[in-house]
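Enquirer: coordinates only, sequence not included:
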Ligand code: SAJ
């Protein structure tokens, strides 16, 4: 079995490495020649604990080789990004480009799988594209959709142990995809059709977005009512069948803040709750920025001088260095734009340098600031002594 992974990013590269480690001959393909060179040299271009050692092992054994163009194989996996356009419409052009690239290489009996998060109907659309280019293969390929569910930082474990959903266009396709993944997945492989599998991935992340929106909405209500939202949620969760998530300064990252739009774009009439959750989570970041700006104004009126403000955290969630789609980054930028001459100290302990923000060590910023806005609940912030001489805006539950 020879498998070709189209896209060597955060998911494609680890999956290619794990498949190679389990005996599959792997061709890794990326349009970025630097990624290809680094991969072939055994250097990981992403951050993932334990993965580089495994890459070096499979490269030295000749089990994985990277190219800028696909090679003839028996199975092809589309693991490319699916971003959204300005109007929140999904952009499947990378999946389409990767499919066009492998189409000339396909032969009778091959397996074609999409792993990229995709709008419902993408697998059928790509099947039609393949058959329009290779009509003689109609009915002779195995075509399936199989999303991943891994959490960056724990990929080696989760790629192997998480359950997976395998959705073929027909039973034989589900069989073929299940046979492939069973070579390295120890979790259960759940069979379904491709549309359900596509929707399942979108549902998982939308479900989390909706639950976080509920917590964020509670935080707005509690702020107005003078109730500590952290205590409230902790108490409500004592109910045996209630499990509320935590509010924050919005929702970031490349999955939960993005995938719900793949549903709302295609089902605008039906997806009222999902759309509203996106709105609430986006609004929460705006609200936090306004809170900081108001606190700054109040301070200035009271003390007849501008406050020094510490913005604690830029990453989209605790204890990582990933700033993608980060609400914290949005808040810092918005406050800086609204208050040009403000004295703002930006803190991100997981990043050594940033091209836009000058970073200050967290203890120094906390010490010097009049107003401290906790945006990301990084572990080191929790050890800072609570100080009554500062205005503390705890948006992420440092003191929960
Ligand atoms: N957040 C809250 N309150 C909470 C939990 C999270 O405000 O109670 C915020 C975080 O601060 C962050 C955002 O939500 O801004 C997303 O964080 P996350 O940890 O929920 O998710 P991601 O984006 O790091 O990774 C998710 C994972 N999904 C879940 O944990 C349900 C991962 O399993 C998926 O594979 C990944 O999305 C993906 O690729 O879809």
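Expert: Thanks, I have it. All figures in this text were calculated on a predicted structure; none of them were measured in a lab.
Enquirer: residues touching the nearest residue to residue 314 once chain neighbours are set aside, list them.
Expert: Spatial nearest neighbour of residue 314, chain neighbours left out: residue 348 (4.0 Å); criterion: Cβ to Cβ, 6 or more residues apart in numbering. Where C-beta positions appear, they are placed from N, C-alpha and C, glycine not excepted. Neighbouring residues of residue 348 by Cβ atoms under 8 Å, 6 or more residues apart in numbering: 313-315, 321, 323, 354, 357, 359, 376.
Enquirer: And the residue sitting furthest away from the middle of the chain, what's its pLDDT?
Expert: Largest separation from the mean C-alpha position in the chain: residue 304, at 43.6 Å (Cα atoms, centre = their mean). Listed pLDDT for residue 304 reads 96.
Enquirer: Residues of this protein that sit close to the ligand?
Expert: For the chain, the residues in contact with the ligand (Cβ under 6 Å from any ligand atom) are 149-151, 204-205, 208, 212, 245-246, 248, 251-253, 255-256, 316-317.
Enquirer: mind listing the helices for the chain?
Expert: 12-21, 33-40, 51-60, 93-102, 122-133, 155-161, 171-181, 194-225, 229-236, 260-264, 272-303, 327-338, 362-368 (DSSP state H).
Enquirer: could you dump these to TSV with mean neighbour count and distance to residue 113?
Expert: Listed next are the helices of the chain as TSV, based on neighbours: other Cβ atoms under 10 Å; distance: least, Cβ to Cβ, whole Å:
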stretch	mean neighbour count	distance to residue 113
helix 12-21	25	10
helix 33-40	17	20
helix 51-60	17	20
helix 93-102	19	11
helix 122-133	18	9
helix 155-161	17	15
helix 171-181	19	6
helix 194-225	19	10
helix 229-236	15	40
helix 260-264	24	18
helix 272-303	18	26
helix 327-338	20	33
helix 362-368	16	44
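Enquirer: Next, find the distance separating residue 19 from residue 12.
Expert: 11 Å (Cβ to Cβ, to the nearest Å).
Enquirer: joint contacts of those two?
Expert: residue 5.
Enquirer: Any of the contacts of residue 348 buried? List them.
Expert: Buried by 16 or more other Cβ atoms under 10 Å: 313-315, 323, 357, 359, 376, out of these.
Enquirer: mind listing what the residue farthest from the centre of the chain touches?
Expert: Taking Cβ under 8 Å, 6+ apart as the definition, residue 304 has no contacts.
Enquirer: do residue 148 as well
Expert: 11, 15, 115, 159, 164.
Enquirer: run the last query once more with 10 Å
Expert: 10-12, 14-15, 79, 115-117, 155, 158-159, 162, 164, 201 (Cβ atoms under 10 Å, 6 or more residues apart in numbering).
Enquirer: What's the end-to-end length of stretch 108-119?
Expert: Using Cα to Cα, to the nearest Å, the end-to-end distance of stretch 108-119 comes out at 27 Å.
Enquirer: Could you give me the buried positions within it?
Expert: The neighbour-count check on stretch 108-119 (16+ other Cβ under 10 Å) flags 110-119 as buried.
Enquirer: Closest one of those residues to residue 183?
Expert: The closest of the buried residues of stretch 108-119 to residue 183 turns out to be residue 111 (Cβ to Cβ; 12.1 Å).
Enquirer: Against the ligand, how distant is the closest residue to residue 287 other than its chain neighbours?
Expert: Distances taken as Cβ to Cβ, 6+ apart put residue 220 closest to residue 287, at 6.7 Å, once the chain neighbours are dropped. From residue 220 across to the ligand, the span is 13 Å (Cβ to the nearest ligand atom, to the nearest Å).
Enquirer: could you redo the helices of the chain as CSV and give each row distance to residue 309?
Expert: CSV is the format used below for the helices of the chain (distance: least, Cβ to Cβ, whole Å):
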stretch, distance to residue 309
helix 12-21, 39
helix 33-40, 39
helix 51-60, 38
helix 93-102, 40
helix 122-133, 45
helix 155-161, 36
helix 171-181, 50
helix 194-225, 19
helix 229-236, 22
helix 260-264, 32
helix 272-303, 6
helix 327-338, 7
helix 362-368, 9
